[in-house]
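Q: Sequence first, predicted model second:
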Amino acid sequence: MPDKLRLTSWESLKTWLTPQVEQGRFQIVSLDIFDTLVARIDLPEHIQRQVCRQLATQVTNATPQQVFQARQQAENSLREQALQQGFDHECCFSDLVPLWIKNWVGYEDPVLMALAIELELQAETTALYIKKDVIDFLEWLKGFNLNLLAISDMYLDSQYIAQLLENLGLKQYFSAIYVSSDSKLGKHSGRLFEYIKDKQALDYQAWVHIGDNPHSDRLKACELGIQGIWLDEKDEVTRISQQRINAQMAERGGVWRGRYLAEQIRESLQVSSPKHTQKAEYFDYGREVLGIAFSTFMLGLLENLAQTKPDCIFFIARDGYLFQQMLSKTNAQYQQRYLYLSRQVIAAASVAEGLTLQQAQVAFYNPKQQGLSSIFKVYSLSHELLAPLAKKYDLHDISAPIHDWNDKRLLNWLADPEVQAIIRHTGLTHKQTLQAYLKQEGFFDYQHVAMVDIGWNGTLQHFLTKTFEQEKHYPEVSGFYFALVPKLHNDFYQHNQAEGIIYDSRRSNACERVVAEFEEVFEQGARALHGSTIGYSQDALGSWQPLLKADSAPDRAAEIRANPYVEQIQAGVLDYWQHFQKIQQLTGFTSHEILPFVYGTLERAVVYPTPQEVKLIRRLVHTEDFGHDHVLTLAERWFQWRDLLSPKRFWQYLQVEAWRYAVFSHLPTGIANFALRIAYLHAVKK
Amino acid sequence: MLPHPLYLFLAAQAFCFSKARGQCFSPGLKGLIVWYSLRIKTKLFNRHYFKRIRLLWEVY
């Protein structure tokens, strides 16, 4: 009997084999397929359950559990039958499918049978990947003119295994594929080796077999005189046992489901990791931090779209840009458009009926508000015409902040009929232009539309509805937001729905609020690279084109400098999304099941960022498209010990800092951030 | 960068000390204990490991 060999890597295998094949000791090399040449990113049982879930959708009132049980029954009975006939405990997928479908629906439905096979192969293709160093090894073996065989104990027929190997680009290396399902003889009994020997008239002495199972691939082979080699890769064994633990924990629900999914995606990403570019750090940030949040949002969006069934989806500029890109990478078939809108153009149109106090107050939400000047900017009103009228009401400095939102001077100014007439005239002009653009884009052609945007107050949907709800063809609008905090506008009028998928303040869940703790990073990650829309103009053909903020504007120039970073972040998010979809399909987890882990990931990224992450985000700039030209610097400075000498000033700085947790990120242990988090959670209104 | 379950558990304690509602990303003490015990069990008592030790013995 040959020595029972245990080798721990493909490299050591190569080293051991080199003299043997050079001396001509072996002419046949056979390799086990599953967990040796290829690995799965999910457990085999999960793959089967995924097929059952998809099949169950084809028959009314069928549950995935029923379909799975029917499959188990069919498989067990075929395996028992094989044993009784003197074969090994094996079964074949081609025999299994008719019996499975018959057990489930009562007869052999050819459509369901074909679908079951197709889904099973699809799921396996999704889950399988070639293990590291395998291609190098096979390429090396190819140079020796040996007879290469692929062998597996598996229920799929050899034709399907061949198809899977073909998809992975591995089939070309092998002269034949032998699977236990064909002969109903397995490696675990040694009888599959005997069968192959007879079939190919092989000599055991000239045969070396390599596999990950010490019993089937080494012991049984060696007992026959084949040189069996146990490929015992420590990383692979750890990976599989970790996968099992994660799967077991996922059954508990809560944060564990999302974690299981994220672990699998990480594995999948590691396998197909693209080569890093110069700005890989932004790419990685997009992939590792924002990827799971935006992908879960997209999953939630798809679930909502399947329920609400809108006639068309409008992605709103600029932060809806990434979401449209992500939707285009799915198989979903929806009519979709990208609308060049901004809060500025919609707000300008919304005053066609005059400016109310509530509308005027919207301009004061910005911490850097400049009183009337902010109102003029937000609603694109004329300084020249309106400023002189303000003087009548003691509003001499139009740039002075108005801290009392019910200031009598402001109320009197708003009550002036001359003021309102000017506002109405300007508003009507803006409304007519916007209406023409929306009409051209088909917004009024549908009965029910979905609007997708990052959030936060639903201002666009609010103003759009307020401006056009009296129009005869105004559609029913469902707004889907990454985060929704409708504190400015909590009334969405008739025929309107709005939902925050990742964060909705109406759900009153404190964990979700982490998104609003640093909303700028999500906006930056999702925004389009073009400038914000400031109006519309007609071209020579009469078509309405958006007018974008000039590149020379100071805030736009800062944005342009940050565009390459944003582009890299989005490339990372899109890469993550591709893997997310694949794994989510295998696990079948819904967005609600994944969300707890997403909140955990965001809590880590927002509240406990690493100094490296803070340095990256610092290079991004944030601008407002609400009539302001401000550039918001992100994470401007670190905490210094001398700040303790002027705590009041430091506290004031913390209150206006967009990312207050970044200030302490360089301090070890994260205790400072933990304390600040407790303080914030204490202070925040429920 | 995947947050470790223990890290999530500790971070979620900030919610315990506050009035804020919701601890949804915490794996929970029980979940954490089960997770650690599964890992220890896999390392110590998994039959697969015993089999590996036996087969290693065969080789050397």
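A: Nice, I can see it.
Q: use CA for all of it now, contacts and neighbours both
A: OK.
Q: For chain B, which segments are assigned as helices?
A: In chain B, the segments counted as helices under DSSP state H are B:5-16, B:29-45, B:47-59.
Q: quick one: contacts of the second one?
A: It stands for helix B:29-45. Defining contact as Cα atoms under 8 Å, 6 or more residues apart in numbering or on different chains, one finds that helix B:29-45 is touched by A:241, A:242, A:245, A:249, A:252, B:5, B:6, B:9, B:49.
Q: Dihedrals phi and psi, the fifth one?
A: This means residue A:252. phi -70, psi -20 (degrees, to the nearest 10).
Q: list the contacts for it?
A: Contact partners of residue A:252, counting by Cα under 8 Å, 6+ apart, are residue B:31.
Q: count of neighbours near the residue in chain B that chain A sits nearest to?
A: Among all residues of chain B, residue B:25 sits closest to chain A, at 4.7 Å; criterion: Cα to the nearest Cα. The tally of other residues near residue B:25 (other Cα atoms under 10 Å in any protein chain shown) stands at 25.
Q: what does residue A:639 give?
A: Neighbours of residue A:639 (other Cα under 10 Å): 17.
Q: and it, how far is that from residue A:606?
A: Distance from residue A:639 to residue A:606, counting by Cα to Cα, to the nearest Å: 16 Å.
Q: what's in contact with stretch A:349-367?
A: Applying Cα under 8 Å, 6+ apart, the external contacts of stretch A:349-367 come out as A:369-371, A:374-375, A:378-379, A:402, A:405, A:411, A:414, A:420-421, A:423-432, A:434, A:463-464, A:466-467, A:488, A:656.
Q: from the residues you listed, which would you call buried?
A: With neighbours counted by 16 or more other Cα atoms under 10 Å in any protein chain shown, the contacts of stretch A:349-367 contain buried members at A:369-371, A:374-375, A:378-379, A:402, A:414, A:420, A:423-428, A:430-431, A:434, A:463-464, A:466-467, A:488.
Q: Might you report the residue contacts of the residue lying closest to residue A:504 once chain neighbours are set aside?
A: Excluding the flanking residues, the one nearest residue A:504 by Cα to Cα, 6 or more residues apart in numbering or on different chains is residue A:484, at 4.8 Å. Contact partners of residue A:484, counting by Cα under 8 Å, 6+ apart, are A:455, A:456, A:457, A:458, A:499, A:500, A:501, A:503, A:504, A:505.
Q: so which strand or helix has residue A:617?
A: Per DSSP states H and E, residue A:617 falls inside helix A:611-618.
Q: mind showing which ranges of chain B have poor pLDDT?
A: B:17-23, B:46-49, B:51-52, B:55-56, B:58-60 (pLDDT under 70).
Q: Hmm, residue A:481 is touching residue A:499, no?
A: Yes - the pair residue A:481 / residue A:499 is scored as a contact, 6.0 Å apart, by Cα atoms under 8 Å.
Q: what about these two, which has more around it?
A: Each of residue A:481 and residue A:499 has its neighbours counted (other Cα under 10 Å); residue A:481 has more, 25 against 22.
Q: show me what contacts the residue nearest the centre of chain A?
A: By Cα atoms, centre = their mean, chain A has its centre lying nearest to residue A:295, at 1.8 Å. Residues counted as contacts of residue A:295 (Cα under 8 Å, 6+ apart) are A:573, A:576, A:577, A:580.
Q: ok, it to residue A:537 distance?
A: Distance from residue A:295 to residue A:537, by Cα to Cα: 36 Å.
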